[in-house]
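Visitor: need coordinates for the following:
(one chain, ligands or ions: 2)
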Amino acid sequence: METPSRTKIIHLLKRTDFGTTVLVKGWVRTRRGSKNISFIALNDGSTINNIQIVVNMNAFSEEELKPITTGACIAVTGTLSQSQGQGQDAEIQAQKIHIYGQADSLAYPLQKKGHTMEFLREKAHLRPRTNTFGAIFRIRHHMAIAIHTFFHERGFFYVHTPIITGSDCEGAGQLFQVTTLNLYNLPKNESNEIDYANDFFGKQTGLTVSGQLEGELAALGLGAIYTFGPTFRAENSNTPRHLAEFWMIEPEVAFNEIEENMQLAEDFIKYCIQWALDHCMDDITFLSERFDKELIDRLRFVLKQNFIRLSYSQGINILETAVNNGHIFEYPIFWGADLAAEHERYLVEEHFQCPVILTDYPKEIKSFYMKQNDDGKTVRAMDVLFPKIGEIIGGSQREDDYDKLTTRANEMNVPSKDIWWYLETRRFGTAPHSGFGLGFERLLLFVTGMANIRDVIPFPRTPNNAEF
Ligand code: ATP
Ligand code: MN
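Guide: Numbering: from 1, shown residues only. Ligands and ions are numbered 1, 2, ... in the order given. Okay, here's the model as predicted:
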């Protein structure tokens, strides 16, 4: 008998050419059976669904089947047949079984269903073999494709911004340092400061917290660009929504003002959610049944809504009214305060029951590069706030006036010598422009319904955690 080439389970399950000999390879989810017949549920990662392998015990011995336990990796050659059981999916009548790797049932950690998410995080090397993480990582892939497709279709160019950077303009103290200096014997200058002249780049460097500044340079030449890459923040916030290493998508568009920026953000998120419903329904349905019954309704709901747009000041009024009416927040709320997740979620989930885009924040709580409004107090920032997540996008129209930008950088102690190149774009052919950053894992939290950001990235990096 000629051995057929391997077919993926996602394709096999749709076939109806019963009687054909096929070859399938994958990992055993379960094996059950009786004296006469044994059933193996096999999964190869191509779909959430398993294919059933039917093993007639006339043709196989107990001894042969014994090593085929949960987690083992096997290849099965057999006849494609119509399942007698539920549904009309194809199944395989086994003719030949090859065992690639056994999984000792006493030692293999993923035996039963219903392991806790915490337990599975400790088994991050094996969790891609679970239904849940198979579903999540397939959705993660599809969302990446959706993002590239969205921008490509609209004429945006994908730009690769550097991962190692010499400027920390975004946030104080969030930079992971990159160095080849000997930490046990640091070179010092006369004033006993570390002498970075001898470091690899001849200056102090770190891992980027955002590709935006370089993205702006590209947009002011290519017109419309986006970045999609890893970003790093040494923020010690141990929350279900923060990672130390996460992926960010940052479009930047010349000639866009804040209103067009808001529209782009709204269209972009809706496109991604629609893509998920169109391409990932099996996985989303599985996650919804297992974790979050309202997931699909919530995705559809967001697609139907026009996101509410209002100013930070209006948002503060609503929150203050809520406090006056007896609502209790953990953190104080007043004009000038940075909004905590509880405030963002109050606006979205209780007050409007709709995604919200908040604009025109006090300049003190936002970055130096945001365009200043005429009131002298606020900047043209926009945060997109989502149910269950809080902030999913942060962006702004950028300050395009050279003097205003340099003055603000100085006021906020951003060293001009580190960003001379950024400032120069406002000296030569400056243009109004806008952009934003979407946290990829925050989008995935929303689309998968997962509660913890550690569960939507294969190998999470968080304080005290860089295993795997
Ligand atoms: P937050 O207030 O939630 O910490 P931020 O104001 O620091 O967010 P930005 O600097 O505007 O966020 O970054 C843009 C986007 O990147 C955010 O809207 C969010 O989706 C995502 N993001 C920011 N920090 C993290 C993080 N530590 N882990 C995962 N995603 C993040
Ligand atoms: Mn932050």
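Visitor: how about Gly45, what does it touch?
Guide: If a contact means C-beta atoms under 8 Å, 6 or more residues apart in numbering, then Gly45 has Gly26, Pro128, Arg129, Gly134 as its contacts. The way it works is simple: take the backbone N, C-alpha and C, and place the C-beta from them, glycine included.
Visitor: sorry, that was for Ala322
Guide: Tyr346, Glu350, His351.
Visitor: biggest separation within the contacts of Gly45, which pair?
Guide: Greatest spatial distance among the contacts of Gly45 (C-beta to C-beta): Gly26 and Pro128, at 12.8 Å.
Visitor: which one's more surrounded, the two?
Guide: Gly26 (25 against 12; other C-beta atoms under 10 Å).
Visitor: next, the buried residues of stretch 266-285.
Guide: Of all the residues in stretch 266-285, those buried under the rule 16 or more other C-beta atoms under 10 Å are 266, 268-273, 275-276, 279-280, 283-284.
Visitor: report whether it contacts ligand 1.
Guide: No: remark: stretch 266-285 sits outside contact range of ligand 1, by C-beta under 6 Å from any ligand atom, the gap being at least 10.9 Å.
Visitor: so what touches that stretch?
Guide: 47-49, 134-136, 138-139, 142-143, 145-147, 149-150, 251, 295-296, 299-300, 302-303, 306-307, 355, 357, 384, 392-393, 438, 443, 446-448.
Visitor: contacting residues around the residue in the chain sticking out farthest from the centre?
Guide: For the chain, the residue at maximal distance from the C-alpha centroid (C-alpha atoms, centre = their mean) is Asn58, at 49.3 Å. Going by C-beta under 8 Å, 6+ apart, Asn58 touches Asn36.
Visitor: how near is it to Gln93?
Guide: 12 Å (C-beta to C-beta, to the nearest Å).
Visitor: what's the answer for Glu64, then?
Guide: For Glu64, the distance to Gln93 (C-beta to C-beta) stands at 16 Å.
Visitor: nearest spatial neighbour of Arg6, chain-adjacent residues omitted?
Guide: Closest residue to Arg6 apart from its sequence neighbours, by C-beta to C-beta, 6 or more residues apart in numbering: Leu23 at 4.9 Å.
Visitor: swap that for Leu220, please
Guide: What sits nearest to Leu220 in space, not counting adjacent residues and going by C-beta to C-beta, 6+ apart, is Thr425, at 5.2 Å.
Visitor: report the two of the buried residues of stretch 266-285 separated the most.
Guide: Largest separation among those by C-beta to C-beta: Glu266 and Asp283, giving 24.8 Å.
Visitor: quick one: low-confidence residue ranges for the stretch 251-400 of the chain.
Guide: Within the stretch 251-400 of the chain, no range satisfies pLDDT under 70.
Visitor: what residue in it comes nearest to ligand 1?
Guide: Closest residue of the stretch 251-400 of the chain to ligand 1, C-beta to the nearest ligand atom: Gly394 (2.4 Å).
Visitor: pLDDT value on Leu186, please?
Guide: The score at Leu186 is 95. That number is its pLDDT.
Visitor: what residues does the stretch 251-400 of the chain have near ligand 1?
Guide: The stretch 251-400 of the chain comes close to ligand 1 at residues Glu391, Ile392, Ile393, Gly394, as judged by C-beta under 6 Å from any ligand atom.
Visitor: may I have the helix or strand where the third one lies exported as CSV, CA atoms only?
Guide: Right, the one you point to is Ile393. According to DSSP states H and E, Ile393 maps onto strand 390-397. Backbone C-alpha positions of strand 390-397 (Å, rounded to 0.1, in the frame of the first residue of the first chain) are rendered in CSV as follows:
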residue,chain,number,x,y,z
GLY,A,390,-10.4,50.0,29.9
GLU,A,391,-7.8,51.8,27.7
ILE,A,392,-7.2,49.8,24.5
ILE,A,393,-5.8,52.6,22.3
GLY,A,394,-3.8,55.7,23.2
GLY,A,395,-3.1,58.4,20.6
SER,A,396,-3.1,62.0,19.6
GLN,A,397,-2.7,64.6,17.0
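Visitor: need the phi and psi values for Ile74.
Guide: Main-chain torsions, Ile74, degrees, to the nearest 10: phi -140, psi 160.
Visitor: also Arg345?
Guide: Torsion angles, degrees, to the nearest 10, at Arg345: phi -70, psi -30.
Visitor: Gly33 now?
Guide: With angles defined as degrees, to the nearest 10, Gly33 sits at phi 160, psi -170.
Visitor: doesn't Ala41 make contact with it?
Guide: No: Gly33 is not in contact with Ala41 according to C-beta atoms under 8 Å; the separation is 11.2 Å.
Visitor: between the two, who's got more neighbours?
Guide: Legend: neighbour count by other C-beta under 10 Å for Gly33 and Ala41, higher for Ala41 (17 against 13).
Visitor: isn't that one up against Val24?
Guide: No: assessed by C-beta under 8 Å, Ala41 is found out of contact with Val24, at 12.0 Å.
Visitor: which neighbours do the two share?
Guide: Joint contacts of Ala41 and Val24 (C-beta under 8 Å, 6+ apart) are Ile51, Ile53.
Visitor: which parts of the stretch 201-350 of the chain are helices?
Guide: Taking DSSP state H, counting those that start in this stretch, the helices of the stretch 201-350 of the chain run over residues 212-222, 258-279, 281-291, 295-304, 312-324, 341-345.
Visitor: want to try CSV for those, with distance to Asn182 as columns?
Guide: As requested, the helices of the stretch 201-350 of the chain are arranged in CSV below (distance: least, C-beta to C-beta, whole Å):
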stretch, distance to Asn182
helix 212-222, 30
helix 258-279, 45
helix 281-291, 48
helix 295-304, 51
helix 312-324, 47
helix 341-345, 41
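Visitor: please name whichever of those helices is nearest to Pro109.
Guide: For the helices of the stretch 201-350 of the chain, proximity to Pro109 was assessed by C-beta to C-beta; helix 281-291 is nearest, at 19.2 Å.
Visitor: dump that closest one to PDB, restricted to CA.
Guide: Extracted in PDB, the C-alpha atoms of helix 281-291 (Å, rounded to 0.1, in the frame of the first residue of the first chain):
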ATOM      1  CA  MET A 281     -15.700  31.400  14.900                       C
ATOM      2  CA  ASP A 282     -14.900  27.800  16.000                       C
ATOM      3  CA  ASP A 283     -12.300  29.000  18.400                       C
ATOM      4  CA  ILE A 284     -14.400  32.000  19.700                       C
ATOM      5  CA  THR A 285     -17.300  29.700  20.200                       C
ATOM      6  CA  PHE A 286     -15.200  27.300  22.200                       C
ATOM      7  CA  LEU A 287     -13.800  30.100  24.400                       C
ATOM      8  CA  SER A 288     -17.200  31.600  24.800                       C
ATOM      9  CA  GLU A 289     -18.700  28.300  26.000                       C
ATOM     10  CA  ARG A 290     -15.800  27.600  28.300                       C
ATOM     11  CA  PHE A 291     -15.100  31.000  29.800                       C
END
